[in-house]
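Engineer: Okay, sequence plus prediction incoming.
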Amino acid sequence: MEMRSAREGALLTVMVSGRLDGYAAEELKEGIDGALQDDDRAVVVDLARTEYLSSAGIRVFLSLQRRMKARGGCMSLCNVEHYPMEVLSMAGFDRVFSIVGSREEARRMCLREEDTLSLIADLEQPAVEIDGMKFRFEPGTHAAAHLRVHGNPHAPHTGDEVRAVPLSELNYALGVGALGGSRDEAAGHLGEMVALRGAMAWVPGDGHGAPDYLVPATPGEGVAYTAFDLALDGPFHEVASVEAGPQESFTLAALYRALLALAQRRRPGFEGVVATALWGVTAGVPGAGGAFRHHGDTLLSFGIAAERAAVGEEFAALCQARPGESAEEGLCHYAHGAVVRGVPWDQGASLEKGIDRCFAEGDVVDVCRLLGTTRLRRAKVGVAYVTQVRRA
């Protein structure tokens with residue numbers, strides 16, 4: 001058995017050839033798991049060269065169909081050969097699966113369902129388009145939002161500046177910190193961290209590069225030790241659902257620029273600074289050497305953004321570019337993110353439920369500072385319009 005896959009926008013096509021017996025079914029399952037991304041909802045399985053099929057292979061298709069149905073999507077079989085069609089009929093699955101004669105027909109059917117869902121979303125909540133992105137806004141509250149800063153992200157961390165801070169005070173935050181039984185213990189493991197809704201993920205500074213995380217049963221329970229932290233005090237004023245346009249992805253810097261431009265247009269009295277919590281699907285996170293990783297995984301992040309001309313030197317200093325990183329012209333931004341794997345994207349879930357589910361069910365595979373070149377396909381973004389930056 002041989003499996004190949006191809007991706008065309010929102011559609012994943014899996015091409016299977018050879019004998020799909022019990023042994024090959026396990027290989028096919030692993031191949032599909034590797035090709036499937038967190039926001040895939042439309043999959044076509046092309047069986048044009050599959051001459052043998054058993055119940056083991058049918059079980060793989062049934063599992064895939066259930067996964068797509070749970071995501072509100074579509075799975076279709078096409079180009080089914082004579083004997084595999086007989087097997088499907090004998091097992092009663094010719095009435096369970098969507099089976100069509102050609103790949104193009106399957107493609108049209110699955111993408112028609114995607115287009116219908118997009119049309120319904122546009123009717124329920126008209127989109128605002130800017131720089132190739134579609135924004136739909138849900139109102140939040142009107143209470144004031146502030147940023148609270150402790151420490152300096154760019155200063156050497158000797159351990160003297162490390163403080164204990166309850167996770168309940170880091171509801172949405174980023175920084176340099178660690179968890180541990182004491183201040184002295186944690187001080188030896190400080191690393192980049194992000195906290196969202198009472199859970200925390202970070203990369204211990206032990207040189208291994210493996211992330212660690214804690215999800216308390218009671219959100220916010222426990223204490224973190226931080227040399228630097230930047231936290232949001234207050235609510236999100238809006239939640240934006242953002243979708244990529246024809247380019248199929250957008251950068252984090254472009255997202256921030258668009259949010260700032262829309263705020264200038266839509267928010268009287270906007271003071272030039274936003275804080276954001278993001279749950280989205282990546283199209284690539286830049287790593288060492290500029291290579292992009294984590295295509296199709298889920299990204300959780302907290303960050304800030306402002307026009308450089310609108311903020312003072314102290315705020316702009318938070319956004320210093322790393323060595324070798326080019327500064328974004330006119331844009332000041334700083335964000336940390338946790339990459340999570342194994343949790344399907346759910347367009348109907350709220351931002352809060354999406355974050356909670358990712359920490360409860362997913363695996364955190366990376367934590368890092370996010371560059372402006374980080375790419376996303378879609379996201380839900382909590383947006384707080386900041387009126388003051390305070391020192392903790």
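Structural biologist: Received it, and whenever you're ready, just let me know what you need. Residues are numbered from 1 along each chain as shown.
Engineer: worst-scoring helix or strand of this protein, pLDDT-wise?
Structural biologist: In the chain, the helix or strand scored least confidently by mean pLDDT, DSSP states H and E is helix 103-124, which has a mean of 71.
Engineer: Would you confirm that V165 belongs to a helix?
Structural biologist: No - counting by DSSP: H, G, I helix; E, B strand; the rest coil, V165 falls outside a helix, being strand.
Engineer: can you give me the helices in the stretch 251-392 of the chain?
Structural biologist: For the stretch 251-392 of the chain, helices defined by DSSP state H, counting those that start in this stretch occupy the ranges 252-266, 313-318, 351-361.
Engineer: of the ones you listed, which approaches M15 most closely?
Structural biologist: Minimum separation from M15 across these (Cβ to Cβ) falls at helix 351-361, 30.3 Å. Glycine gets a C-beta too; all of them are placed from N, C-alpha and C.
Engineer: Now do that closest one, average pLDDT.
Structural biologist: Average pLDDT, helix 351-361: 96.
Engineer: outside of it, which residues touch it?
Structural biologist: 196-197, 199, 213, 215, 236, 239, 277, 279, 298, 300, 340, 342-343, 346, 349, 380-382 (Cβ atoms under 8 Å, 6 or more residues apart in numbering).
Engineer: repeat that for 7 Å
Structural biologist: 196-197, 199, 215, 239, 277, 279, 298, 300, 340, 342-343, 346, 380, 382 (Cβ atoms under 7 Å, 6 or more residues apart in numbering).
Engineer: give me the number of residues near A379?
Structural biologist: A379 has 26 neighbours, counted by other Cβ atoms under 10 Å.
Engineer: can you list the weak-confidence ranges in this protein?
Structural biologist: Filtered on pLDDT under 70, the chain yields the residue ranges 113-125, 321-328.
Engineer: what residues go with each domain of it?
Structural biologist: The chain resolves into domains spanning 2-116, 125-392 when parsed by automatic domain parsing.
Engineer: roughly how far is the longest one from the heart of the chain?
Structural biologist: Pointing back at domain 125-392 there. 11 Å (Cα atoms, centre = their mean, to the nearest Å).
Engineer: what's the longest strand in the protein?
Structural biologist: Taking DSSP state E as the criterion, the chain has its longest strand at strand 375-391.
Engineer: quick check: angle from that strand to helix 252-266?
Structural biologist: Angle of strand 375-391 versus helix 252-266, following axes from the mean of the first three to the mean of the last three Cα atoms, to 10 degrees, is 60 degrees.
Engineer: And strand 375-391, what's buried?
Structural biologist: Residues of strand 375-391 classed as buried by neighbour count (16 or more other Cβ atoms under 10 Å): 375-386, 389.
Engineer: which of these sit farthest apart?
Structural biologist: Applying Cβ to Cβ across those, the maximum distance is between R377 and V389, 31.5 Å.
Engineer: so who does the nearest residue to P139 once chain neighbours are set aside touch?
Structural biologist: Closest residue to P139 apart from its sequence neighbours, by Cβ to Cβ, 6 or more residues apart in numbering: E238 at 6.0 Å. E238 is in contact with F137, E138, P139, G140, V383, counting by Cβ under 7 Å, 6+ apart.
Engineer: Flag every buried residue along the helix or strand where L28 lies.
Structural biologist: Taking DSSP states H and E as the criterion, L28 maps to helix 22-35. Within helix 22-35, the residues that qualify as buried are A24, A25, L28, K29, G31, I32, A35, counting by 16+ other Cβ under 10 Å.
Engineer: same thing with stretch 167-177?
Structural biologist: Result for stretch 167-177 [16+ other Cβ under 10 Å]: buried residues L167, E169, L170, N171, Y172, A173, L174, G175, V176, G177.
Engineer: same thing with stretch 270-289?
Structural biologist: Buried, per 16+ other Cβ under 10 Å, within stretch 270-289: 270, 272-286.
Engineer: Looking at the residues you listed, which is nearest F97?
Structural biologist: V281 (26.6 Å).
Engineer: How much space separates that closest one from C358?
Structural biologist: According to Cβ to Cβ, to the nearest Å, V281 and C358 sit 11 Å apart.
Engineer: Look up the residues that both of the two are in contact with.
Structural biologist: T298.
Engineer: from memory H237 sits against Y385, does it?
Structural biologist: Yes - judged on Cβ atoms under 7 Å, H237 makes contact with Y385 at a distance of 5.3 Å.
Engineer: Mutual contacts of those two, please.
Structural biologist: Common contact partners of H237 and Y385 (Cβ under 7 Å, 6+ apart): A145.
Engineer: what about S63, which SS state?
Structural biologist: helix.
Engineer: Which members of the contacts of helix 351-361 are the farthest-apart pair?
Structural biologist: So, the contacts of helix 351-361 by Cβ to Cβ: farthest apart are V239 and G342, at 23.9 Å.
Engineer: Which residue of these two possesses the greater neighbour count?
Structural biologist: Neighbour count, other Cβ under 10 Å: between V239 and G342, V239 has more, with 19 against 13.
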